[in-house]
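J.: have a look at this prediction, sequence included:
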Amino acid sequence: MTALSEKGTAVARRRRWKSMDAQEARLAWLLISPTTLIVFGLVLFPAFFSIWISFHDVNLGNLNDVFHAPFIGWDNYRAVFNDFAFKWQGLDNWGAAITSIVYTLAATILTLIMGLAASLVLNRPFRGRGIARAIFLFPYVAPIVSVAFVWRWLLDPRPSGVLNDILMRLSIIDLPKAYLSTRGIAIILVIIFEAWRYFPFAMLMILARLQAVDRTMYEAAKVDGANTWQQFWNVTLPELRYVMGAIFLLRLMWTFNKFDDIFLLTGGGFGTNVLPVLTYQFSFKQFNFGRGAATAMILLVILVIFMAFYVGIVMRNIDEE
């Protein structure tokens, strides 16, 4: 009886193995396995490895045997929090943490405002609108290295710098100024640069939503006596709130992790040092990879906290409306 039962079980297993559902499942696993390996190798493993490194003393001396690096617990995190470049030192030196938050919020909001303004302009019919849309995309599609060095040329501290030359010819200034080397001005300029470079992304998303708005809503608003501002406030903005909320969240995450823009413009000096640049400085200038990984983890925690707040409160309020 037992032998017959085992034989029946084996036959049932073979049938399930050869069934269409089982074959489709095996094919599905086969197709997704390359992507799974890539995601694990390039995303998951480096992420967990960074967490591991942040709790160990990893430097050039033991980089060839990193898995046997000594465990030091929270020492890397304490060193980052106590570092002069990280913490608040007063109005003259905000520290990388506060600078990152101010830079990210200001650049994201300005990007959204510029994208909204550009999309409203380009949504109106006029001659050459297609060419204008293509020109507006230039900052976003141009290589970051080229546009950063063009800005550095425009803001060159020598008299031959474009901005200095213009202002001196107009007798607005007597001597050339080093704009990217002046605290206060430097952070404003990198915020403007960030907004200028990435406003076309917001413009494209908002413009796509504007073209889908029902025109009869504006006609009804005109019949009710609404002027242009009232139409914008009561018709356009409510229709754009979802896409603008998504753009704000995406741009905030990307800006908070931005390294190349600030590094190419100022190198993180003169009050523009942010957490991604500080991570680079710890890791590849001081060669303290454990401290660099700890800085990256602090950056991640700040970003996750803000995202949880934004998604849990702001977006929920939008959905309830």
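T.: Okay, I see it.
J.: contacts, neighbours, all on C-alpha from now
T.: Fine.
J.: burial measure for Asn164, as a count.
T.: By other Cα atoms under 10 Å, the residues close to Asn164 number 24.
J.: do you know how far it is from Val147?
T.: 19 Å (Cα to Cα, to the nearest Å).
J.: now swap in Phe199 and tell me
T.: If you go by Cα to Cα, the gap between Phe199 and Val147 works out to 14 Å.
J.: higher neighbour count, those two?
T.: Neighbour count, other Cα under 10 Å: between Phe199 and Val147, Phe199 has more, with 27 against 19.
J.: may I ask which helix or strand of the protein has the lowest mean pLDDT?
T.: helix 315-320 (a mean of 59; mean pLDDT, DSSP states H and E).
J.: pLDDT averaged over whatever helix or strand Ile32 lives in - what is it?
T.: Assigned by DSSP states H and E, Ile32 belongs to helix 20-39. Averaged over helix 20-39, pLDDT sits at 82.
J.: next: stretch 254-262.
T.: Across stretch 254-262, the average pLDDT comes to 91.
J.: CA atoms only: put it into CSV for me.
T.: Provided in CSV are the C-alpha atoms of stretch 254-262 (Å, rounded to 0.1, in the frame of the first residue of the first chain):
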residue,chain,number,x,y,z
TRP,A,254,17.8,63.3,-6.9
THR,A,255,19.0,66.7,-5.7
PHE,A,256,19.7,65.5,-2.2
ASN,A,257,22.0,62.8,-3.7
LYS,A,258,23.6,65.2,-6.2
PHE,A,259,27.4,65.2,-6.2
ASP,A,260,28.7,66.3,-9.6
ASP,A,261,27.0,69.8,-9.9
ILE,A,262,28.5,71.2,-6.7
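J.: backbone dihedrals for Asn123, please?
T.: When read as degrees, to the nearest 10, the backbone of Asn123 gives phi -80, psi -10.
J.: which pLDDT does the model give it?
T.: In this prediction, Asn123 has a pLDDT value of 86.
J.: excluding sequence neighbours, find me the nearest residue to it.
T.: In this structure, Asn123 finds its nearest non-sequential neighbour in Leu207, 6.6 Å apart by Cα to Cα, 6 or more residues apart in numbering.
J.: so that neighbour is in which element?
T.: helix 185-210.
J.: could you give the mean pLDDT of that helix?
T.: For helix 185-210, the mean per-residue pLDDT is 93.
J.: residue contacts, the residue at minimal distance from the centre of the chain?
T.: Nearest residue to the geometric centre of the chain (Cα atoms, centre = their mean): Trp254, 0.6 Å. Contact analysis of Trp254 by Cα atoms under 8 Å, 6 or more residues apart in numbering lists nothing.
J.: same question for Gly184.
T.: Applying Cα under 8 Å, 6+ apart, one finds that Gly184 lies in contact with Gly271.
J.: can you tell me the element the residue nearest to the centre of the chain falls in?
T.: Judged by DSSP H and E, Trp254 forms part of helix 237-256.
J.: to what extent is the closest residue to Phe81 other than its chain neighbours buried, counted in neighbours?
T.: Nearest non-adjacent residue to Phe81, counting by Cα to Cα, 6+ apart: Lys87, 6.3 Å away. Counted with other Cα under 10 Å, residues neighbouring Lys87 total 17.
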